[in-house]
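Peer 1: Pasting a predicted model and its sequence here:
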Amino acid sequence: GDLLGSPGGGLQGLITTPRTMASFAPSKGLSNEPGQNSCFLNSALQVLWHLDIFRRSFRQLTTHKCMEDSCIFCALKSIFAQFQFSSERVLPSDVLRSALAKTFQDEQRFQLGIMDDAAECFENLLMRIHFHISAETREDICTAKHCIPHQKFAMTLFEQCVCNSCGATSDPLPFIQMVHYISTTSLCNQAVRMLECREKPTPDMFGELLRNASNMGDLRNCPSNCGEVLRIRRVLMNSPEIVSIGLVWDSDHSDLAEDVIHSLGTCLRLGDLFYRVTEERARQAELYLVGMVCYYGKHYSTFFFQTKIRKWMYFDDAHVKEVSYPRFGGYVCYLGSVCVHFHFVG
Ligand SMILES: [Zn+2]
Ligand SMILES: [Zn+2]
Ligand SMILES: [Zn+2]
């Protein structure tokens with residue numbers, strides 16, 4: 001793809017003003033001592049910090065509903081300040097880890113020392129930020145202009161069944177999602193099917209592949225019971241700036257890893273991802289792969305494209321290294337991940 005092919009190249013990488021030089025801080029690792037099992041949180045945290053849109057918007061936020069020692073907002077503010085100003089190359093994520101554990105104590109999620117899911121952690125961090133800054137608004141109808149989770153990340157969708165045979169339509173079901181989850185089994189089956197009908201992959205193929213894969217197996221009976229079996233239609237009603245795709249492995253011992261990796265694209269057109277996209281801006285949007293969270297050997301690590309230096313970096317808790325394009329491909333194959341979580345930005 002374009003993004004992977006061009007990092008480091010071009011004039012843009014050479015022109016740096018004193019101001020950007022001064023504000024440039026080298027990437028930092030996050031510690032994960034034995035028994036802490038914090039890699040899922042460290043991955044989510046590296047994603048949030050490295051997403052320029054999130055980092056810059058979050059910096060603008062000042063007031064929030066504070067929850068004292070279980071305040072995820074304060075914990076994030078503190079670690080972001082350390083990311084920017086600390087001279088340490090490895091930072092502890094303990095304050096956020098403990099705020100997260102306290103916040104989700106009743107649900108028994110994200111508890112200290114216990115491994116959890118990076119994509120769900122990422123989603124929940126976003127929902128907590130919403131809570132801290134737009135407490136009065138319900139999650140599913142939030143339109144607060146300063147609410148980064150809903151303004152930048154949320155996909156506002158409705159799903160509906162329309163019967164081509166008898167014309168019946170189901171009531172539209174509106175919902176909001178922060179991560180668009182897709183089964184890897186469906187993804188691989190669809191990739192094979194789509195490649196059979198064309199000569200070579202095209203740029204629109206990845207979005208279409210994800211759409212087909214997420215529709216597969218999602219069949220409903222006609223709402224008027226005429227006997228037809230219908231595919232569900234998902235319509236995107238907003239224009240998110242960051243889209244996260246979560247690939248879900250259907251079993252722990254999948255042999256599909258390599259097939260999945262080969263079917264991944266680095267460019268995603270929002271218009272291809274859903275049955276219909278109502279906003280013109282979203283229809284035109286081309287998003288590029290900027291980050292990837294991989295799960296392999298019961299451990300999460302993160303790849304992220306750092307826009308300031310135009311390079312891909314690899315974050316494995318305390319360890320940070322630059323990965324160049326040819327090696328990047330190798331890394332992904334080697335990871336043979338059980339869960340991949342993508343981030344696309346415009
Ligand atoms: Zn606070
Ligand atoms: Zn919100
Ligand atoms: Zn029907």
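Peer 2: Everything's here; your move. Residues are numbered from 1 along each chain as shown. Ligands and ions are numbered 1, 2, ... in the order given.

Peer 1: ok, how many other residues are close to the nearest residue in space to residue 224 that is not next to it in sequence?
Peer 2: Leaving aside its chain neighbours, residue 224 sits nearest to residue 168 (3.7 Å; criterion: Cβ to Cβ, 6 or more residues apart in numbering). Any C-beta I mention is one placed from the backbone N, CA and C, and that applies to glycine too. Here the count is done by other Cβ atoms under 10 Å, and residue 168 has 16 residues near it.

Peer 1: Dihedrals phi and psi, residue 168?
Peer 2: With angles defined as degrees, to the nearest 10, residue 168 sits at phi -70, psi 150.

Peer 1: On the strand side of things, show who the residue most central in space within the chain bridges to.
Peer 2: By Cα atoms, centre = their mean, the mean C-alpha position of the chain lies nearest to residue 244, the distance being 2.8 Å. Assessed by DSSP bridges, residue 244 has beta-bridge partners residue 179, residue 343.

Peer 1: Give me the distance between stretch 155-174 and the centre of its chain.
Peer 2: Taking the mean of its C-alpha atoms, stretch 155-174 sits 26 Å from the chain's own mean (Cα atoms, centre = their mean, to the nearest Å).

Peer 1: That stretch close to ligand 2?
Peer 2: No: residues of stretch 155-174 are not located near ligand 2 by Cβ under 5 Å from the ion, the shortest gap being 11.3 Å.

Peer 1: buried residues in that stretch?
Peer 2: Across stretch 155-174, burial judged by 16 or more other Cβ atoms under 10 Å covers 155-161, 163, 168, 170.

Peer 1: Let me see the ranges of the helices in the stretch 1-150 of the chain.
Peer 2: For the stretch 1-150 of the chain, the helices defined by DSSP state H, counting those that start in this stretch occupy 2-5, 18-23, 39-50, 52-60, 72-85, 94-103, 118-133, 148.

Peer 1: least reliable of these going by mean pLDDT?
Peer 2: With a mean of 34, helix 2-5 has the lowest mean pLDDT of these.

Peer 1: Averaging pLDDT per element, find the lowest-scoring helix or strand in the protein.
Peer 2: Of the helices and strands making up the chain, the lowest-confidence element is helix 2-5, at a mean of 34, by mean pLDDT, DSSP states H and E.
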